[in-house]
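Q: give the three-dimensional model of this entry:
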Amino acid sequence: MTLPERQLANAIRALAMDAVQAANSGHPGMPMGMADVATVLYSDYLRFDPTDPHWPDRDRFVLSAGHGSMLAYATLHLAGYARPTIDDIRNFRQLASPCAGHPENFELEGVETTTGPLGQGLATAVGMAIAERHLNSLYGDDLVDHRTWVIAGDGCLMEGINHEAIGLAGHLGLGRMIVLWDDNKITIDGSTDLSTSEDVKARYEATGWHVESCDGHDPADIRRAIDAALADDRPSLIACRTLIGFGAPNKQGTSATHGSPLGADEVAAARESLGWTAEPFDIPADIAAAWAAFGEEGKNNHELWKLRLANNEKKAEFSARIAGDVKPGAAFDAYLKGLVAEPPKVATRKASENTLGALTADIAAMIGGSADLTGSNNTKTSSTKPLTKDDYSGRYIYYGIREFGMAAAMNGMALHGGVIPYGGTFLVFADYCRAAIRLSALQQQRVVYVMTHDSIGLGEDGPTHQPIEHLQSLRAMPNLLVMRPADAVETAECWALALAQKDRPSLLALTRQNLPPLRHDVTENLCAKGGYRLREASAARKVVLVATGSEVSLAVEIADQLEAAGHGADVVSMVSTELFDEQDRGYQDAILPRDALIVSIEAGTTFGWERYTGRDGLRFGIDSFGASAPIEDLFKHFGLTADAITPQILAKLGA
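A: All right, here's what the predicted structure looks like:
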């Protein structure tokens with residue numbers, strides 16, 4: 001007997017309201033409102049294999065409206081995934097349950113991306129759709145031919161990142177991306193009329209999207225809209241008109257169902273209204289069996305795909321791409337040797353470009369880009385032709401002035417697999433994409449941020465463009481590897497380290513101004529230690545100068561003056577505080593001995609450097625905003641010169 005689809009959807013509603021009620025916390029309204037849409041999606045369209053959540057050619061499903069996480073947990077459980085179990089759902093929002101308040105990709109295999117910060121899920125899905133089209137252009141329909149589905153709410157469409165994301169998707173013609181908009185006209189504050197009057201559908205149409213509307217509670221109309229989207233070669237938005245909290249007779253259609261439990265009385269009333277007689281967390285056998293059957297076609301498709309892969313001449317190459325195991329090759333090795341033979345005096349942004357020239361020649365998985373600063377970030381190489389809607393095989397994306405959208409799309413590419421994304425902007429504009437950088441770190445994704453113009457060393461553009469607090473605030477972010485190299489060799493080593501980080505993102509802070517070569521030995525990647533002794537004291541060591549990036553050469557100059565005055569000074573290049581902190585205590589104490597005066601030098605805030613200098617050390621930096629002037633004048637103005645710093649160190653030594 002075929003069960004009514006409303007009963008299948010009611011299983012989602014029951015689990016959602018029961019879990020939220022048990023936790024006394026959560027958002028039941030969206031899962032209850034979008035249950036009919038989700039049921040149609042899983043039953044007829046979504047290609048998945050619950051026995052193998054990592055199947056490379058599965059459809060990607062992103063719940064951008066992550067507050068409605070019980071929609072994801074309910075559908076994953078009902079569709080037959082190993083987790084979440086019903087006990088996991090009983091413990092929704094509790095410590096150690098994989099059913100977190102918002103979906104976390106590292107908690108459940110069926111969750112494609114962590115969502116919750118509204119808008120980022122949809123923007124991340126754009127990156128997934130880019131990766132799919134790129135890999136399809138290389139390996140064909142036999143190996144890569146899937147879609148990216150998104151359920152998004154009003155908040156996802158209001159957030160500023162939505163403008164960036166849909167503009168990029170429309171420009172690139174990502175026709176295999178379909179967004180199902182939960183058009184319930186309710187936010188936490190109440191009706192959307194309180195805060196917006198824009199024509200959302202017209203906005204999407206203006207950016208090159210195909211737009212449909214449907215009754216989100218009518219399965220036939222939902223199918224009609226999805227079929228129309230599938231037939232169009234543009235990305236599609238389907239406005240699904242729904243009733244938030246559908247089935248809760250006294251609260252549906254109101255903000256009362258958005259972010260609070262329904263309450264015991266309303267849950268009981270909803271059960272009666274929906275005709276749901278099962279006990280809490282109990283799914284009737286016939287409904288469970290019907291949901292389990294949804295994955296059978298996906299299992300069959302997966303088996304057919306495995307046969308195609310086995311017989312494909314590119315099997316080994318494709319499998320390696322998906323595994324993501326890469327390392328620099330012959331071109332990179334030759335480049336390193338060249339740095340020793342002919343040490344260049346270049347800006348580290350230029351050194352990064354030169355390094356990328358070798359790396360992108362070696363590693364086809366690298367896809368670069370820039371937020372309209374290609375010529376400044378130096379992120380394009382001869383191996384990376386543009387990726388466009390006419391040629392998805394390209395490896396360079398012109399993101400436009402969309403820093404946040406770029407960062408989120410890179411997360412999506414990394415999550416999709418088969419691609420290692422890197423993208424550039426100015427370091428000061430890390431603020432524009434910080435929320436996406438945070439999700440890179442939280443989701444443990446290999447994304448490389450190329451952040452140039454890293455200090456007052458950018459000169460005349462002035463304080464709006466000169467980073468001050470940025471490096472330390474980024475270093476404070478868990479699981480983000482921040483690296484600030486001092487010359488071309490260190491820059492190359494930092495790139496090698498970034499590519500080796502399969503479980504965290506990296507950020508390279510690079511200079512606009514030229515820097516002298518300091519390293520002349522490449523037999524070992526010294527940057528892997530985070531901080532290392534670049535130069536050892538000649539006289540008896542009294543001072544350790546700890547510097548980063550462009551200030552390392554300044555530290556060398558100061559060391560020369562101290563040595564001339566009879567005071568031995570080590571110079572430590574602190575490329576990455578994160579990597580240094582990961583070394584054993586013995587190594588740290590050897591680099592920063594307790595019997596020496598520790599002096600930090602960085603053209604940014606001094607905040608935080610006391611962690612290494614101690615309270616009795618000295619910290620030189622900038623604890624105000626910058627200024628507009630030529631580089632040399634700025635460093636002199638802010639006291640970051642050898643002639644300004646050396647006397648202060650001598651005074652501290654009592655010399």
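Q: please name the nearest non-neighbouring residue to Asp461.
A: Among residues not flanking Asp461 along the chain, Ser628 sits closest, at 7.0 Å (Cβ to Cβ, 6 or more residues apart in numbering). Any C-beta I mention is one placed from the backbone N, CA and C, and that applies to glycine too.
Q: nope, Ala408 is what I meant
A: Ala408 sits nearest to Ala123 (Cβ to Cβ, 6+ apart), 3.5 Å away.
Q: doesn't the one you found fall inside a helix?
A: Yes: counting by DSSP: H, G, I helix; E, B strand; the rest coil, one finds Ala123 located in a helix.
Q: OK, contacts around it?
A: For Ala123, the contacting residues are 161-162, 164-165, 404-405, 408-409, 412, 436, by Cβ atoms under 8 Å, 6 or more residues apart in numbering.
Q: do that again at 10 Å, thanks
A: 62, 64, 117, 150, 156, 159, 161-166, 168-169, 402, 404-409, 411-412, 436, 439 (Cβ atoms under 10 Å, 6 or more residues apart in numbering).
Q: now the helices for the stretch 101-250 of the chain?
A: 120-139, 154-158, 160-172, 200-206, 219-231 (DSSP state H, counting those that start in this stretch).
Q: output the contacting helices and strands for the second one.
A: Same thing as helix 154-158. Helix 154-158 sits against helix 120-139, helix 160-172, strand 177-183, strand 186-187, helix 200-206, with contacts defined as 3 or more Cβ pairs under 10 Å, 6 or more residues apart in numbering; DSSP states H and E.
Q: now these as CSV including distance to Lys502?
A: Output for the helices and strands packed on helix 154-158, formatted as CSV (distance: least, Cβ to Cβ, whole Å):
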stretch, distance to Lys502
helix 120-139, 16
helix 160-172, 26
strand 177-183, 26
strand 186-187, 38
helix 200-206, 36
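Q: out of those, flag the one nearest Ala229.
A: Among the helices and strands packed on helix 154-158, the nearest to Ala229 by Cβ to Cβ is strand 177-183 (4.9 Å).
Q: sticking with the residue most central in space within the chain, tell me its helix or strand.
A: Nearest to the geometric centre of the chain sits Ser440, at 3.0 Å (Cα atoms, centre = their mean). Element membership of Ser440, judged by DSSP states H and E, is helix 430-442.
Q: for Tyr532, same thing?
A: Assigned by DSSP H and E, Tyr532 belongs to strand 531-535.
Q: before we move on, back to that, next SSE downstream of the helix holding Ser440?
A: Using DSSP H and E, the next helix or strand after helix 430-442 towards the C-terminus is strand 448-452.
Q: can you list the strands that that following strand pairs with?
A: With DSSP bridges as the test, strand 448-452 is paired with strand 420-426 (parallel), strand 506-509 (parallel).
Q: just the mean pLDDT for the shortest one, thanks.
A: When you say that, I think you mean strand 506-509. Mean pLDDT, strand 506-509: 99.
Q: distance-wise, check Arg619 relative to Thr605.
A: In this view, Arg619 and Thr605 are 9 Å apart by Cβ to Cβ, to the nearest Å.
Q: same check, this time on Ile591
A: For Ile591, the distance to Thr605 equals 22 Å [Cβ to Cβ].
Q: same thing with Glu578?
A: 17 Å.
Q: gap between the two ends of stretch 204-218?
A: In stretch 204-218, first residue to last residue: 24 Å (Cα to Cα, to the nearest Å).
Q: any stretches of the protein with poor pLDDT?
A: 1 (pLDDT under 70).
Q: make it 80
A: 1-2, 655 (pLDDT under 80).
Q: can you put the helices of the stretch 101-250 of the chain in CSV and add distance to Tyr73?
A: Converted to CSV, these look like this (distance: least, Cβ to Cβ, whole Å):
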stretch, distance to Tyr73
helix 120-139, 15
helix 154-158, 19
helix 160-172, 25
helix 200-206, 28
helix 219-231, 21
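Q: relative to Tyr399, how far out is the nearest residue to Ser382 once chain neighbours are set aside?
A: Once flanking residues are discounted, Ser382 sits nearest to Gly357: 6.6 Å by Cβ to Cβ, 6+ apart. In this view, Gly357 and Tyr399 are 20 Å apart by Cβ to Cβ.
Q: what about those two, which has more around it?
A: Neighbours per residue (other Cβ atoms under 10 Å) separate Gly357 from Tyr399, with Tyr399 holding more: 24 against 18.
Q: which SS class is the spatially closest residue to that one that is not a sequence neighbour?
A: Spatial nearest neighbour of Tyr399, chain neighbours left out: Met406 (4.1 Å); criterion: Cβ to Cβ, 6+ apart. Assigned with three-state DSSP, Met406 falls in the helix class.
Q: count the residues that sit near Met406.
A: Residues near Met406, counting by other Cβ under 10 Å, number 30.
Q: next, the contact list for it, please.
A: Listed by Cβ under 10 Å, 6+ apart, the contact partners of Met406 are 123, 127, 164-165, 168, 369-372, 397, 399-400, 421, 423-425, 432-433, 436, 449.
Q: how about a cut-off of 6 Å?
A: Neighbouring residues of Met406 by Cβ atoms under 6 Å, 6 or more residues apart in numbering: 371, 399, 423.
Q: would you reformat the residues you listed as TSV and include distance to Ala9?
A: Converted to TSV, the contacts of Met406 look like this (distance: Cβ to Cβ, whole Å):
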residue	distance to Ala9
Ala371	41
Tyr399	39
Gly423	40
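Q: how close does Trp512 sit to Thr452?
A: Not Trp; residue 512 is Arg. As judged by Cβ to Cβ, Arg512 and Thr452 stand 6 Å apart.
Q: ok, now Gln94?
A: From Gln94 over to Thr452 (counting by Cβ to Cβ), the distance is 44 Å.
Q: neighbour-wise, which of the two wins?
A: Comparing Gln94 with Thr452 by other Cβ under 10 Å, the one with more neighbours is Thr452, at 26 against 14.
Q: mind checking the SS state of Met17?
A: helix.
Q: would you agree it is in contact with Val267?
A: Yes: using Cβ atoms under 6 Å, Met17 makes contact with Val267 at a distance of 5.3 Å.
Q: re earlier: residues in contact with the strand holding Tyr532?
A: For strand 531-535, contacts defined as Cβ under 6 Å, 6+ apart pick out 526, 570-574, 580, 591.
Q: what's near enough to touch Trp149?
A: 61, 178.
Q: how does it look with 10 Å?
A: When contacts are counted by Cβ under 10 Å, 6+ apart, Trp149 is found next to 41, 45-47, 59-63, 112, 125, 128, 176-180, 226, 229.
Q: distance of it from Ser25?
A: Counting by Cβ to Cβ - Trp149 and Ser25 are separated by 27 Å.
Q: would you state the strands of the stretch 351-500 of the chain in chain order?
A: All strands of the stretch 351-500 of the chain, identified by DSSP state E, counting those that start in this stretch, fall at 366-370, 396-398, 420-426, 448-452, 481-483.
Q: now the third one against strand 366-370, angle please.
A: What it means is strand 420-426. Interaxial angle of strand 420-426 relative to strand 366-370 (axes from the mean of the first three to the mean of the last three Cα atoms, to 10 degrees): 20 degrees.
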